[in-house]
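Participant: when you get a sec, could you give me coordinates for this:
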Amino acid sequence: MKNTSLPRFVANAALLAAIVITPLANVRAQVTSQSYLRNTPNEVERDDPRVQQVIARAESHFKQGQLNLQDNKREQARDEFDKAVDAVLESGLDVRAYPRLNSYYLQLVERVYREEVPLQNMPQQRVTNAQVAQTANDGGNAPAQIAQVGFREQKFEPSPLDDLSKLVLTEKEKEVSPTEVAKLEEEIASTVDFKFKSNALIQQYINYYQGRGRSTMETGLRRSGMFMSMARRIFREEGVPEDIAWLGQVESAWRPNARSWAAASGLWQFIPGTGARFGLRQTAWVDERNSFEKATRASAKYLKWLHNRYNNWELAIGAYNTGEGNIDRAINRAGVRDFWSIYPYIAQETRNYVPNILAVILIAKNPDKYGFSHVQRMTPIDRTYDIVSVPSATSLHLIASLTDSSVDYLRSINPELRRDVTPRGESYNVRVPGGRGKQFVALLKRIPVDRRDTLARVISVAPGEDLQAVAARTGTSLAALQQWNNGVDLSAGGKIVVPNGGSVRATARTYERPRANASTSGGLRTVTAKAGDTVAKIAAQNGVSAEEVARLNGVAANAPLTQGRQIKIPASGAATSTPSAASRRRR
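Facilitator: The predicted structure follows:
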């Protein structure tokens, strides 16, 4: 979703039980999630009063965070929300052993997430979108519609499922002959790696994508190149037909930061409960629903579990959307385990969802036949990064500096990180721009472990320049430079790490490399890469520094770019004119 704040979040956590809630008729219900306020303590919890104490302590911090937010004390609000989560995680209790505490924790994380990340244009309607919890499936209630206010610049994009739930096919799109349905049956049997029945609705969605939905299909096919090889591999390993991985195109249009208005998130649009059920961590530091590999594997495991339940992939796909409880009831009404038989008894969104995915699979398997042969797939994402283990609470600003990239780029390849720092208290495998892993590791070793949560920068040193001279021009103490660069030979020049605190002095002997934001005060604009483009070529065409553009986008200047990639460049060429030959030599 776009970064647009909504009216202030005014619901108090202590009044959750009194919030007006609406029964769910048509709801995506991936997992049962009873309110922690309604749960009856089990024997273990009754014998351990610490559970209630932990909940009370966490609620106290959460409520204080809300009060701070109402007073526009945003940093203080974030600190209190963090303390609320930490109150549970640091309680010493095994959260999973206490159902009430586990349920409370999952809801707390989502409540904090909703406070921190604003949702745009939240529908003021009954909760019928298939992205909420499966409370209706087991007699529960839907969460109330709550407006939110955010205070952190986390960027999300709308899930395509929000529009899909409202899609109405035109009369022209519905024009399908029996002959077309018969041919579709032959195509399914010969090209798709799992069995499903032909139906006129599938052809109708193909008609939609060949007409007014063409741009949607083109975008999805293009972006699928980033993730399909990974998804196919993981689905194959988990025993799920590889073609079902195209479900990701309908769920998120292959955008890891897709988020529905109902808080389903990531490539595979997991709600919090189902994400936790299939091993996706959701803490104050990470939300693995937005990860690449982990969320894909969780999706495959869930689909496999659903297929084991129904022994039918169409029903499994439908249950992925609406929840197994709704599918079970529809089967009971229809008296048969067949998707097209239960079709009249399921929600409209799921009626749209399953034939839509089947249409996408057929088009993706035969793009020439359906008029999409011109779409070029993007480069697989796992070819664009290296993975490096970093210690607790390592700053993304530091990582960006050590890898000649930007925080925005690092966030794009590490979408599960909720902050500009890796999780505290654990080492973490972070993705860095491809080909820069070794450079990053070598530079990171120079920085004391207890200082890696702070900002540092890397500058170039001229041959013969000693640390005393560097200290003078950076405003950093000689002792600090020696500590952070112990054993580095500068006789031939090279790179040096400068701790945060000093400011590089602008003199004739300034050898500091340009910082990623050094010349963006005039703003940025984007250009679309064409086949054969490189950063250097785009920079030359726009009269800006290739080195600057490379750092803004986390891409080597001469590396080939994928056609269609959006490249950030400074809005004003004059502000970032190409360095002179003399200045280049000083770098």
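
Participant: would you list the phi and psi of Ala258?
Facilitator: Phi and psi for Ala258, reported as degrees, to the nearest 10, are phi -70, psi 140.

Participant: any idea how far Val336 is from it?
Facilitator: 34 Å (Cβ to Cβ, to the nearest Å). For every residue, glycine as well, the C-beta is placed using N, CA and C.

Participant: and the helix or strand where Gln53 lies, what's buried?
Facilitator: Assigned by DSSP states H and E, Gln53 falls within helix 50-70. Judged by neighbour count using 16 or more other Cβ atoms under 10 Å, the buried positions of helix 50-70 are 51, 54-55, 57-62, 64-66, 68-69.

Participant: got the CA coordinates for the helix or strand in which Lys568 is found in CSV?
Facilitator: In the assignment (DSSP H and E), Lys568 maps to strand 566-570. Coordinates of each C-alpha in strand 566-570 appear next as CSV, following Å, rounded to 0.1, in the frame of the first residue of the first chain:
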residue,chain,number,x,y,z
GLN,A,566,13.1,0.9,-12.7
ILE,A,567,16.4,2.8,-12.2
LYS,A,568,16.6,5.8,-9.8
ILE,A,569,18.6,8.8,-11.1
PRO,A,570,19.1,12.3,-9.7
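
Participant: one step back: need the mean per-residue confidence for the helix holding Gln53.
Facilitator: Helix 50-70 shows a mean pLDDT of 89 in the predicted model.

Participant: following it, which helix or strand shows up next?
Facilitator: Following helix 50-70 in sequence, per DSSP H and E, is helix 74-89.

Participant: who does that next one touch, helix- and strand-wise?
Facilitator: Applying 3 or more Cβ pairs under 8 Å, 6 or more residues apart in numbering; DSSP states H and E, we find helix 74-89 packed against helix 50-70, helix 99-116.

Participant: other SSEs contacting the shortest one?
Facilitator: In this structure, helix 99-116 packs against helix 43-47, helix 50-70, helix 74-89, helix 272-277, with contacts taken as 3+ Cβ pairs under 8 Å, 6+ apart.

Participant: adding distance to Ala330, write these out as CSV.
Facilitator: What follows is the helices and strands packed on helix 99-116, written out as CSV (distance: least, Cβ to Cβ, whole Å):
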stretch, distance to Ala330
helix 43-47, 36
helix 50-70, 37
helix 74-89, 37
helix 272-277, 20
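
Participant: what's the closest of these to Arg457?
Facilitator: helix 74-89 (23.8 Å; Cβ to Cβ).

Participant: now the angle between helix 50-70 and that closest one, please.
Facilitator: 170 degrees (axes from the mean of the first three to the mean of the last three Cα atoms, to 10 degrees).

Participant: helix 74-89 vs helix 99-116, what angle?
Facilitator: Relative orientation of helix 74-89 versus helix 99-116 (the same axes, to 10 degrees): 160 degrees.

Participant: what comes up buried for helix 74-89?
Facilitator: 77-78, 80-88.

Participant: excluding its backbone neighbours, what's nearest Glu173?
Facilitator: Once flanking residues are discounted, Glu173 sits nearest to Asn207: 4.4 Å by Cβ to Cβ, 6 or more residues apart in numbering.

Participant: residues touching Ala531, list them.
Facilitator: Ala531 makes contact with 376, 563, according to Cβ atoms under 8 Å, 6 or more residues apart in numbering.

Participant: neighbours around Val544, how many?
Facilitator: Using other Cβ atoms under 10 Å, Val544 has 23 other residues around it.

Participant: wait, it sits on Pro570?
Facilitator: Yes: look at Val544 against Pro570 with Cβ atoms under 8 Å: they come within range, at 5.2 Å.

Participant: the strands in the stretch 201-350 of the chain, which residues?
Facilitator: Counting by DSSP state E, counting those that start in this stretch, the stretch 201-350 of the chain has these strands, from start to end: 258-259.

Participant: checking Thr476 next. Helix, strand or coil?
Facilitator: Secondary structure for Thr476, judged by DSSP: H, G, I helix; E, B strand; the rest coil, is coil.

Participant: re the thing from before, show me what the strand holding Lys568 is packed against.
Facilitator: If you count contacts as 3+ Cβ pairs under 8 Å, 6+ apart, strand 566-570 packs onto strand 524-528, helix 535-542, helix 546-553.

Participant: mind listing what that strand pairs with, with the direction of each?
Facilitator: With DSSP bridges as the test, strand 566-570 is paired with strand 524-528 (antiparallel).

Participant: pull the CA atoms of the partner strand into CSV?
Facilitator: Presented in CSV, the C-alpha positions along strand 524-528 are these (Å, rounded to 0.1, in the frame of the first residue of the first chain):
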residue,chain,number,x,y,z
LEU,A,524,15.0,11.6,-7.7
ARG,A,525,13.3,10.4,-10.8
THR,A,526,13.1,7.0,-12.4
VAL,A,527,13.8,5.7,-15.9
THR,A,528,13.0,2.3,-17.3
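
Participant: which other residues reach it?
Facilitator: Outside strand 524-528, the residues that reach it (Cβ under 8 Å, 6+ apart) are 538, 542, 552, 564-571.

Participant: picking up where we left off before, of all the helices and strands packed on strand 566-570, which one is nearest Gly279?
Facilitator: It is, among the helices and strands packed on strand 566-570 and with distance given as Cβ to Cβ, helix 546-553, at 33.0 Å.

Participant: just the helices from the stretch 401-550 of the chain, written as ranges.
Facilitator: 407-413, 437-444, 467-474, 478-484, 535-542, 546-553 (DSSP state H, counting those that start in this stretch).

Participant: pick the most buried one from those.
Facilitator: Across the helices of the stretch 401-550 of the chain, the average number of neighbours (mean count of other Cβ atoms under 10 Å) peaks for helix 546-553, which reaches a mean of 24.

Participant: and the angle from that helix to strand 524-528?
Facilitator: On the basis of the same axes, to 10 degrees, helix 546-553 is oriented at 90 degrees to strand 524-528.
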